[in-house]
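>>> After the sequence you'll find the predicted model.
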Amino acid sequence: MKINNISRKAKADKIQNHGFCSIWTLIVFFALTFIITWSILIPALSFVSEDRQIFFIIPAAFGPFMSAITVIRITRGRAGLRLWLRAMFRFRIPAELYLAGAFLFPVAIGVLHYLLYRFYGGEPDFSDSIPWFLYLAYLLPTALLSGGNEEPGWRGFALPALLERFHPAISSVILGVIHAFWHLPLMDHYDTTMGWYLFNVIPLTFIFNWFHIKSRYAVIPVMLLHAGVNIIGSFLPTTSDVLGGLGTYMFLRGSIYWILAIILIVLTKGRLGYRVKDG
């Protein structure tokens, strides 16, 4: 009887895990993410005055997180959702992961970006830069409301599901492309094009994925890293175009992301630290 009970439990777990990570579940997650976010963003950006759009952009950024919660609640029930949330938002992780996500990596990226800007002839101008003592005051709200809050969906749900089916490098490209196109309604708001956005987000996805795997799939460090790279340009501003106008912010920052991503790909042999047993 005990053996039969264990067998039934193992079979149920297998079915439940399959439901959580099936390809159709993943497709539903991505579709629902776009529906939630775009149904808020598109009307707001079309009909709301620019000074009030932020009140719609913030809830729209929760699309991936809300989609993950919905899909997990349906496929794994309330208990499965609690386990997922507890696993992702665990705080008892090495302190260096918090420091790396919040300070070390964002500042390193910002400094490299600024040095490349100066190398190509950019003029220093710190007249509008934010004082460094306000860094945390900008980092934490951004991690919770404007960038970092996407990560429970992208890294917490989509990445593990993709890694079950694809090589880590392929998973990163897929997630990077989807993540970039999810921002499509904001291209005018960001004053850029989808081509430049893809140029930035795809290599950045490799960096985020590596750091999430390095953090043993805890989401808080990568939330801090996402927030850090979003705000660091305000502390190390690159105010003028270089290379005859080609060297815009998106070109320079994207170049740094690609350099770092290629280094990670080479050092990890393309696996970004992922091991099959992690899945």
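Right, received. Where do you want to start? Numbering: from 1, shown residues only.
>>> contacting residues around residue 176?
Shown in contact with residue 176 (CB atoms under 8 Å, 6 or more residues apart in numbering): 198, 201-206. Where C-beta positions appear, they are placed from N, C-alpha and C, glycine not excepted.
>>> Need the max-distance pair from those.
For the contacts of residue 176, the farthest-apart pair by CB to CB is 198 and 206; their separation is 13.1 Å.
>>> So for the two, which sits in the more crowded spot?
residue 206 (27 against 17; other CB atoms under 10 Å).
>>> for the stretch 1-150 of the chain, what are the low-confidence residue spans?
Scanning the stretch 1-150 of the chain for pLDDT under 70 picks out the ranges 1-21.
>>> Show me where it has its helices.
In the stretch 1-150 of the chain, helices defined by DSSP state H, counting those that start in this stretch lie at 2-21, 23-47, 54-60, 63-88, 95-99, 105-119, 135-145, listed in chain order.
>>> which one of the ones you listed lies closest to residue 174?
Between residue 174 and the helices of the stretch 1-150 of the chain, the shortest gap by CB to CB is with helix 23-47, which sits at 9.7 Å.
>>> which parts of the closest one are buried?
Of all the residues in helix 23-47, those buried under the rule 16 or more other CB atoms under 10 Å are 25-26, 28-30, 32-34, 36-37, 40-41, 44-45.
>>> sorry, back to before: now the helices of the stretch 1-150 of the chain as JSON lines including distance to residue 168?
Shown next, in JSON lines, are the helices of the stretch 1-150 of the chain (distance: least, CB to CB, whole Å):
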{"stretch": "helix 2-21", "distance to residue 168": "16"}
{"stretch": "helix 23-47", "distance to residue 168": "16"}
{"stretch": "helix 54-60", "distance to residue 168": "29"}
{"stretch": "helix 63-88", "distance to residue 168": "19"}
{"stretch": "helix 95-99", "distance to residue 168": "19"}
{"stretch": "helix 105-119", "distance to residue 168": "19"}
{"stretch": "helix 135-145", "distance to residue 168": "25"}
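>>> Of all the ones you listed, which one comes closest to residue 210?
The nearest among those, by CB to CB, is helix 105-119 at 10.5 Å.
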